[in-house]
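> Fold the stuff below for me.
(chains A and B)
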Protein chains: 2
Amino acid sequence: MKYYILFFIALSYTTSIYSQIIYYDAAQFPLIGKISNLTETRYERLPADLKDICRSPVWNLGKNSSGLAVRFRSNSTSISAKWEVLSNIQMNHMTDTGIKGLDLYAWQSDHWQFVNSGRPSDKLNDKIIIQNMNPIEREYLLFLPLYDGLVTLSIGVDSTAYIDQPKLNLIRTNNPIIVYGTSITQGGCASRPGMSYTNILSRKLNMEIINLGFSGNGKLDYEIAELMSKRHDAALFVLDFIPNVTSDQIKERTANFVSILRKENPKTPILFIETVFFPHAFFDYTTKNIINEKNIVLRNEFDKLKKAGNKNIYYLEGKNLIGNDMEATVDGVHFTDLGFNRMAIILQRKIEKILK
Amino acid sequence: MKYYILFFIALSYTTSIYSQIIYYDAAQFPLIGKISNLTETRYERLPADLKDICRSPVWNLGKNSSGLAVRFRSNSTSISAKWEVLSNIQMNHMTDTGIKGLDLYAWQSDHWQFVNSGRPSDKLNDKIIIQNMNPIEREYLLFLPLYDGLVTLSIGVDSTAYIDQPKLNLIRTNNPIIVYGTSITQGGCASRPGMSYTNILSRKLNMEIINLGFSGNGKLDYEIAELMSKRHDAALFVLDFIPNVTSDQIKERTANFVSILRKENPKTPILFIETVFFPHAFFDYTTKNIINEKNIVLRNEFDKLKKAGNKNIYYLEGKNLIGNDMEATVDGVHFTDLGFNRMAIILQRKIEKILK
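Next up, the predicted model:
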């Protein structure tokens, strides 16, 4: 065992002296999390034909790569990345790493395990994500920026190592879960891309999850319902839009949105999620009243759909979804990793029950 | 009940139309978390007489207001703040809100509850933290920036409301816990000031906790031990410095550091904390070896102190301190709120056992 370790140390010492990092365009590796491949550029979410059809804020947010991830395999002792972000935006309640960084996971026996994040420092970035690894083959999953887009992405490995297509069929892509929603759905405010709830779930369920969270714009746009409805292979539609709509909009649009989904997907399960109780609303009674009212209105719409004979529709209460200590947000609304982790645990249980 | 709510809504509607926000200099309210009041300015951590004695990075980090909090009482329906930060720094793995924002808690029956954070947008900030509250008296605790300093701070309340000294004796200040350490100790990378582990503990234990975490500089400086040793009223010294020292430094300086503390505090409990296992070290064996070695060296120093007859010294293993799913950091090292929350739960249990 000792000699085995010494062997690896010696080997890696050698490679670190004699090897350089060689970069490979990530476009040659599978990309997880896209609803359609007919996009203007590789690392964005909405198909080009929606450009002149959907509202412009939705279109622009589609350029954010939330939920996208690159799959590859390598025996390199180090993994680096070069990436150019699209807008290079900053926000005061989310880390740059979550907004426009990268997040690397490796398959470890029976689960996806965090390796390290790529922390951005500019529009163009060139960073070592991990080094000093034993030179053994691993399957990787690299999550892309949550609140910015990517112009280019290359992955760097030791010149003495290989990088190649994934071999194991991990993150099953044949029946994706499609999640529609808000800034929270999009991943605000995870500390790094891997900690948005849809990305946590894709690892835990080992399934492709398509993120259609549009910050401030989960307003039940029918164009998005049409887009979702075209994925007849979807295992589940998750609707998590409540924070972005008014009670009137819920009444006006929910049934229509669902009927668009249902037209070509009569049996695909649909899961409605209430808004969580925003911690600051404990004190801000205006927000509290709005939250409570909207959840009641959603429940009512759900009950009407059920009574009208809709089958395979499910409902998840917002209560306790991020715990009840009121500590799981950065600003009373957007989740920290604490909130996303709590929500993912509950949602995983719910989804596994639905898909069984 | 309905009328009662309507009454408050009507009242607040009235005040929001007729009242303005009046700002009060926070300097008139008690400040929690300082080891000494003899500082150059109000919102900093190290006494002025250390300026030419301690290493300059330590001195500069002393200007960061980590662990400091303002206590006040008000019946205002809104709480605002104006604050000017000292350096206006940014980091790519921590939110501006954690670095240089504010974080408001209120006493709610039997615990401190998150109200909302003050999110900075510039060197000078003027923000509403919470509004639309019922106009009842509450005790407040306002946590200050973790990784920047404050030049000025004013608290804004409705012109029709009062703001005054705290009435309840919360956050007991007679026997503080003094925590010495690293960037993690200082709060890197909590999403908002209230989520550093020392601030979580001060709320949970309802005790003053003095934060002497110095990012990258918890190097067992004897001047800091001297400073700590002057607080004869300390309930506990916590030593959490391992990530910032080498094995050699642990061997050379730990016993000396402790003997400085012990000179005038023969019975004060001292708690040593190992470094946690940094998640990326699962893959980066160089880091893994360093971590494992340093913890062994610390344990050895601890055992020697015990054998030499030192009483009231305690030890906390790093294993599992932030869970074992490897998900609790932003960059493989610095904790997110998920990590801080997990660590605080374990540390609270340990401290309560020691102080019993």
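> wait, what's in contact with A:Leu38?
Taking C-beta atoms under 8 Å, 6 or more residues apart in numbering or on different chains as the contact definition, A:Leu38 lies against A:Pro47, A:Ala48, A:Asp49. Quick note: C-beta positions are derived from backbone N, CA and C, even for glycine.
> mind redoing it with 10 Å?
Shown here is A:Leu38, whose contacts under the criterion C-beta atoms under 10 Å, 6 or more residues apart in numbering or on different chains are A:Leu46, A:Pro47, A:Ala48, A:Asp49, A:Leu50.
> Out of those, which sit inside strands?
Among the contacts of A:Leu38, DSSP state E puts none in strands.
> most surrounded residue in those residues?
Ranked by the number of neighbours (other C-beta atoms under 10 Å in any protein chain shown), these place A:Leu46 first, at 26 neighbours.
> rewinding a little: show me the two of the contacts of A:Leu38 that sit farthest apart.
For the contacts of A:Leu38, the farthest-apart pair by C-beta to C-beta is A:Leu46 and A:Asp49; their separation is 9.0 Å.
> what is in contact with the two at once?
With contacts defined as C-beta under 10 Å, 6+ apart, the residues shared by A:Leu46 and A:Asp49 are A:Ser36, A:Leu38, A:Thr39, A:Glu223, A:Leu227.
> Chain B versus the closest residue to A:Phe72 other than its chain neighbours, what's the distance?
With sequence-adjacent residues excluded and distances taken as C-beta to C-beta, 6 or more residues apart in numbering or on different chains, A:Phe72 is closest to A:Phe29, at 4.4 Å. For A:Phe29, the distance to chain B (C-beta to the nearest C-beta, to the nearest Å) stands at 20 Å.
> cool, A:Asp148 as well?
Counting by C-beta to the nearest C-beta, the gap between A:Asp148 and chain B amounts to 13 Å.
> Determine the number of other residues adjacent to that residue.
The number of residues packed near A:Asp148 is 24, by other C-beta under 10 Å.
> That one against A:Leu102, yeah?
No: between A:Asp148 and A:Leu102 there is no contact, the gap being 11.2 Å when judged by C-beta atoms under 10 Å.
> which residues do those two both contact?
Between them, A:Asp148 and A:Leu102 share these contacting residues under C-beta under 10 Å, 6+ apart: A:Ser65, A:Trp83, A:Pro120.
> so which of these would you say is closest to A:Ala344?
The shortest separation between A:Ala344 and any of the shared contacts of A:Asp148 and A:Leu102 is 19.6 Å, and it belongs to A:Ser65 (by C-beta to C-beta).
> quick one: contacts for that closest one?
A:Ser65 makes contact with A:31, A:33-34, A:42-45, A:85-86, A:100, A:102, A:143-150, A:153, A:193, A:211, according to C-beta under 10 Å, 6+ apart.
> From those, which land in helices?
Per DSSP state H, helices hold the following members of the contacts of A:Ser65: A:Lys100.
> quick one: least confident helix or strand in chain A?
Taking mean pLDDT, DSSP states H and E as the measure, the helices and strands of chain A show their lowest mean at helix A:2-18, namely a mean of 51.
> Could I get the contacting residues of A:Ile270?
Under the criterion of C-beta under 10 Å, 6+ apart, the neighbours of A:Ile270 are A:234, A:236-239, A:257-258, A:261-262, A:302, A:305, A:310-315, A:354.
> ok, the residue nearest to A:Phe72 - how many residues close by?
Other residues within reach of A:Phe29 by the criterion other C-beta under 10 Å amount to 20.
> Does A:Phe237 touch A:Arg231 like I think?
Yes: the pair A:Phe237 / A:Arg231 is scored as a contact, 8.9 Å apart, by C-beta under 10 Å.
> between these two, which one's more packed in?
The residue with more neighbours, out of A:Phe237 and A:Arg231, is A:Phe237; 27 against 19, by other C-beta under 10 Å.
> Pull up the overlap in contacts between A:Phe237 and A:Arg231.
When C-beta under 10 Å, 6+ apart defines a contact, the residues bordering A:Phe237 and A:Arg231 alike are A:Ile178, A:Ile210, A:Leu261, A:Asn265, A:Thr268.
> Start from the N-terminal end of chain A and give the helices.
In chain A, the helices defined using DSSP H lie at A:2-18, A:56-62, A:96-100, A:183-186, A:197-205, A:222-229, A:247-264, A:285-307, A:337-355.
> what does the shortest one rub up against?
Right, helix A:183-186. Judged by C-beta under 10 Å, 6+ apart, the contacts made with helix A:183-186 from elsewhere in the structure are A:45, A:61, A:64, A:66-67, A:94, A:146-147, A:179, A:189-190, A:196-198, A:211-218, A:238-244, A:273, A:275-276, A:322, A:329, A:333-335, A:339-340, A:343.
> what's the distance between the spatially most central residue of chain A and A:Gly33?
Closest to where the C-alpha atoms of chain A average out (C-alpha atoms, centre = their mean) is A:Gly67, at 3.0 Å. For A:Gly67, the distance to A:Gly33 equals 4 Å [C-beta to C-beta, to the nearest Å].
> and for the two, which residues touch both?
Residues touching both A:Gly67 and A:Gly33 (C-beta under 10 Å, 6+ apart): A:Arg45, A:Phe143, A:Leu144, A:Thr198, A:Asn199, A:Ser202, A:Glu208, A:Ile209, A:Ile210, A:Asn211.
> Need the pLDDT of the nearest residue to the fifth one once chain neighbours are set aside.
Pointing back at A:Asn199 there. Of all residues not flanking A:Asn199 in the chain, A:Phe143 sits nearest, at 5.5 Å (C-beta to C-beta, 6+ apart). Reading off the confidence values, A:Phe143 has pLDDT 98.
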